[in-house]
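Engineer: Got a sequence here, can you build the structure:
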Amino acid sequence: MLQVVECLKYSLLVVTLTKVEYVPMWLLSQVHSTAVYDKVKERILFEIFNHKASISKARFYLLLRIAIDDSMINPDSVSTTPLFIMFYDMGYTKVLTTVTKFKKLCLPPQWNEIFTLLFKVLSERVASSDGASKAFMTLLYGLYYGVILDIGSILWSQLVQSLSSASRY
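Structural biologist: You can find the predicted model right below:
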């Protein structure tokens, strides 16, 4: 756990992951069940207390206390090659050719545990944690190397993606 604490101590995620607010589950459920993403306006539209509301990406950053800074690295600019190098630096024992071939069991025990812990905290999955997305691996890359990533962009993209997936059902 010491490595996780050390990584998070210097991360932009520290405030976001340690801030505690009480929000009733029924309220979150209402917002989520009515939420849709407007691609043209780049806003999430939802209903709350029978009123229509919306949130922009900039407001989302502000609510999570994530600063928007031009020096931040766009997570989409991190290709798979630096991700593979990161895993090899951690001690990954197999050859990686694609993100989908990643197996956390090939990491040394301490990194395997950190990967599992972060994956379970930041993912909806409760089963296998081998199949992490490139976005998750990029987040880990930022934590591992101390790179100032635009974490808000990752979180916003994941939120928009989850709303798009939910609207298909």
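Engineer: Surely Ile148 is in contact with Ile73?
Structural biologist: Yes: Ile148 is within contact range of Ile73, at 6.4 Å (criterion: CB atoms under 8 Å). Placement of C-beta: from N, CA and C, glycine included.
Engineer: how near is the residue lying farthest from the centre of the chain to Lys101?
Structural biologist: Seen from the C-alpha centroid of the chain, the residue lying at the greatest distance (CA atoms, centre = their mean) is Asn50, 29.9 Å away. Using CB to CB, to the nearest Å, Asn50 is found at 49 Å from Lys101.
Engineer: now swap in Trp111 and tell me
Structural biologist: 17 Å.
Engineer: Quick check on those two: which one has the bigger neighbour count.
Structural biologist: More crowded of Trp111 and Lys101, by other CB atoms under 10 Å: Trp111, with 20 against 12.
Engineer: Give me the pLDDT value at the more buried one.
Structural biologist: Note on Trp111: pLDDT of 88.
Engineer: my guess is it meets Met90, correct?
Structural biologist: Yes: contact criterion CB under 8 Å: Trp111 and Met90 qualify, at 4.5 Å.
Engineer: Brilliant, that's me finished.
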